[in-house]
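S.K.: got a structure for you, letters missing:
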């Protein structure tokens, strides 16, 4: 079935099978590899994308269900060729190690901060609890989100 998906602001017409997940379409059909395949059960956060501004596990969403809706991956955060300020905060804070969890962490944090612009460390930890990281211990990730929320320029 030909369906229209809007990914990172760009409309894409593609053939989508009824059983295909959004993760499969993003990676296998569109070549958007920053959306990672982790657990396949919606518990690790590696495949997180923003669907109409809300974080979702793309491994659990059927691609046909998102026809015409806005999908944002971490690649869509780039502005005028540069990193998004939250991405810069992650780099400056040392919150990026292997990078596997980073796209899901960034998108989940941005969606959270949209509704909680002045979060506490505890609130950030709670917001990110569905995104697993095996490298960082989370402290630097929380530091980066907090620095971004505070508008800190020279953190890290």
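M.R.: Received it, and whenever you're ready, just let me know what you need. This structure is a prediction, so every number in the text was calculated from the model and none was measured.

S.K.: tell me the gap between the top helix by length along the chain and the middle of its chain.
M.R.: Ranked by residue count, the top helix of the chain under DSSP state H comes out as helix 102-115. How far helix 102-115 lies from its chain's middle: 6 Å, per Cα atoms, centre = their mean, to the nearest Å.

S.K.: show me what the mean pLDDT comes to for it.
M.R.: The pLDDT scores in helix 102-115 average 97.

S.K.: likewise for stretch 13-31?
M.R.: Mean predicted lDDT for stretch 13-31 stands at 95.

S.K.: do me a favour and get the end-to-end distance for that stretch?
M.R.: End-to-end distance of stretch 13-31 (Cα to Cα, to the nearest Å): 14 Å.

S.K.: kindly report the same for stretch 94-111.
M.R.: Note: stretch 94-111 ends 21 Å apart using Cα to Cα.

S.K.: stretch 35-54 now?
M.R.: So stretch 35-54: terminal residues 15 Å apart, Cα to Cα.

S.K.: got the contact list for it?
M.R.: Under the criterion Cβ atoms under 8 Å, 6 or more residues apart in numbering, residues 22-23, 26-27, 55-61, 66, 69-73, 100-101, 103-105, 107-108, 110-111, 114, 128, 130-132 lie in contact with stretch 35-54. C-betas here are computed from N, CA, C, even on glycine.
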